[in-house]
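Enquirer: What follows is a predicted protein model with its sequence.
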Amino acid sequence: MSPELLVLGGKIFVLGCIYTPDDLLEHWGMVFDPNLNEWTSLPIPPVPPLKTRFKIASRAAKIASCAVIDEKQFIVSLVFGSQLCVFDIESWNWSFIQLPRSCISIETNSKILVVSRMLYLFTCRRIYTYDLDQKEGSTDTMMIEMTGFYTPSCAGLIDAPFFPFHRGDNSFCFVWLPREHYKAIVTVSCVIHCLKFRVNPTINYHGKQVLEANIESCESYNAYGGELNDCVAVEGVNM
């Protein structure tokens, strides 16, 4: 599997896809400084083990997704983790954001986006938001599930791999191959869905302002190939 790559603070960060406490401790993540022309190892995120009947969950953490917060911080989502890991390149330390209990699952494969200091955590069924500017220790310091997100019945259920994108302003899209495709016999073509939606503020039943997804459209495309391995946004191309 390919490593995750991030660029911030004028440096290149390379994060390994597999983190196991028993090996690769020194080189799970590394950073390259072009000015000094040298590599430096990153500290291992001290992730607490996820309590589950699957023993492997307490022994390994696979990177599901990562994103740049700003020029000083990046965030990592781990498949087997109960927290999101935030690394600060100035303090050279990790901090954590607790995941909602409903989001923690041995099967959870999540993706993260950071837009204007708002963190969006995407799973196959839900979207969670987290204000990165909220004060630590505040009673509101938590992830909040976004309302209004669903997939049309004609599109089929979302399954991994899936790819969320920010299209500008409050507009997003979600690209995936339906689960039904993997149950069928592999053919030379497949159908890829692209769900477009906007995120707007609303007031929930507790009287608090939250974010709500408003579905705009769901478009389908035929493509040659049996699987969806990767998907990237191209500047200047409508999605």
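Expert: On my side now, so go ahead.
Enquirer: any idea how far L15 is from M118?
Expert: According to CB to CB, to the nearest Å, M118 stands 23 Å off from L15. Every C-beta, even on glycine, is put in place using the N, C-alpha and C of the backbone.
Enquirer: Likewise for R117?
Expert: 22 Å.
Enquirer: again, but for F197
Expert: F197 is 29 Å from L15, by CB to CB.
Enquirer: Compare M118 and L15 and say which one has the larger neighbour count.
Expert: Taking neighbours as other CB atoms under 10 Å, M118 and L15 compare with L15 leading, 20 against 14.
Enquirer: Can you name the residues that contact that one?
Expert: 3-6, 28-29, 42, 63, 66, 76 (CB atoms under 8 Å, 6 or more residues apart in numbering).
Enquirer: Show me which of the residues you listed are buried.
Expert: 4, 6, 28-29, 42, 63, 66, 76 (16 or more other CB atoms under 10 Å).
Enquirer: In strands only, show me those residues.
Expert: 4, 6, 29, 63, 66, 76 (DSSP state E).
Enquirer: my guess is the first one contacts A67, does it?
Expert: No - counting by CB atoms under 8 Å, E4 stays clear of A67, with 9.7 Å between them.
Enquirer: Run through this protein and note the low-pLDDT ranges.
Expert: Counting by pLDDT under 70, the ranges of the chain that qualify are 1-2, 17-27, 47-62, 79-81, 101-108, 135-141, 179-188, 236-239.
Enquirer: Of all residues in it, which one is nearest the centre?
Expert: K111 (1.8 Å; CA atoms, centre = their mean).
Enquirer: Look up how far S220 lies from that residue.
Expert: 21 Å.
Enquirer: Now for the residue in the chain sticking out farthest from the centre: which residues touch it?
Expert: The outermost residue of the chain, judged against the average C-alpha position, is L36 (31.3 Å), by CA atoms, centre = their mean. Listed by CB under 8 Å, 6+ apart, the contact set of L36 is empty.
Enquirer: just checking, it is part of a strand?
Expert: No - counting by DSSP: H, G, I helix; E, B strand; the rest coil, one finds L36 to be coil, located in no strand.
Enquirer: No further questions, thank you.
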